[in-house]
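Engineer: I would like to see how this sequence folds:
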Amino acid sequence: MASLLRLIERVTGMAGFVVAWVVFPLILAMCYEVFSRYVLNAPTIWAFELSYMAMGTHALIGAAYTLRERGHIRIDIFYSRYNPKTKALVDTLGYLVLFLPVVSMISLGLWEYWVEAFVADFRSGQSAWNPLIWPFRFIFFLGFALLWLQGIAEFIKCLRVLAGSADWRTPNG
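Structural biologist: Residues are numbered from 1 along each chain as shown. This is a model prediction of the structure:
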């Protein structure tokens, strides 16, 4: 169980590290767009679509990393007062009843969404550039699949705390 936990956390950690670099091409593209539009008076046909695809990629892939790093917002009026085992029990129920089923259904739906775009060779239709849309739709699926994997890791961590074999939310379980 511990090796599965380490593997999942390594995968989501690496995905978070890699996707963090997506911001730099986005910055370069936006700077070029501003220069091209206001200095050369020749706006690009691709900057808008590239920007929303890059930011979408950043947010979708980054969600699993954020869960791993406990960076998502939590309303903890009561939760912060609980002891570690009670927190683990609340989280276990949340992952089991809400998080994992919902993210599973969304992931499966996004897989079908990607396949449809891939098979039909969909284009964005948002600009004159009109790129293929299936790579971005695959990022939708990948982001939620990674989030589901990290949810499994968090669920395992909770089970380990409930079993008394780990401290509350220590790195790698």
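Engineer: Going by C-alpha atoms from here, please, whenever you check contacts or count neighbours.
Structural biologist: Fine.
Engineer: which parts of the helix ranked longest in the chain are buried?
Structural biologist: As assigned by DSSP state H, the longest helix anywhere in the chain is helix 134-163. Residues of helix 134-163 classed as buried by neighbour count (16 or more other C-alpha atoms under 10 Å): 134, 136-162.
Engineer: Now find how far off-centre that helix is within its chain.
Structural biologist: Taking the mean of its C-alpha atoms, helix 134-163 sits 8 Å from the chain's own mean (C-alpha atoms, centre = their mean, to the nearest Å).
Engineer: tell me what it is packed against?
Structural biologist: helix 2-20, helix 47-68, helix 84-94, helix 100-120 (3 or more C-alpha pairs under 8 Å, 6 or more residues apart in numbering; DSSP states H and E).
Engineer: Just put those helices in TSV and tack on distance to Leu40 and mean pLDDT.
Structural biologist: Output for the helices and strands packed on helix 134-163, formatted as TSV (distance: least, C-alpha to C-alpha, whole Å; pLDDT from 0 to 100):
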stretch	distance to Leu40	mean pLDDT
helix 2-20	30	93
helix 47-68	15	92
helix 84-94	54	93
helix 100-120	36	97
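Engineer: Verify the stated contact: Leu149 with Ile8.
Structural biologist: Yes: applying C-alpha atoms under 8 Å, one finds Leu149 in contact with Ile8, separated by 6.5 Å.
Engineer: still on that earlier bit, so for Leu26, which of the helices and strands packed on helix 134-163 sits nearest?
Structural biologist: Closest to Leu26 of those is helix 47-68 (C-alpha to C-alpha; 6.0 Å).
Engineer: Who are the contact partners of the nearest residue to Arg123 once chain neighbours are set aside?
Structural biologist: Of all residues not flanking Arg123 in the chain, Leu132 sits nearest, at 4.4 Å (C-alpha to C-alpha, 6 or more residues apart in numbering). Neighbouring residues of Leu132 by C-alpha atoms under 8 Å, 6 or more residues apart in numbering: 121-124.
Engineer: Report pLDDT for Leu132.
Structural biologist: pLDDT, Leu132: 92.
Engineer: what's the distance between it and Gly125?
Structural biologist: From Leu132 over to Gly125 the distance is 9 Å, taken as C-alpha to C-alpha, to the nearest Å.
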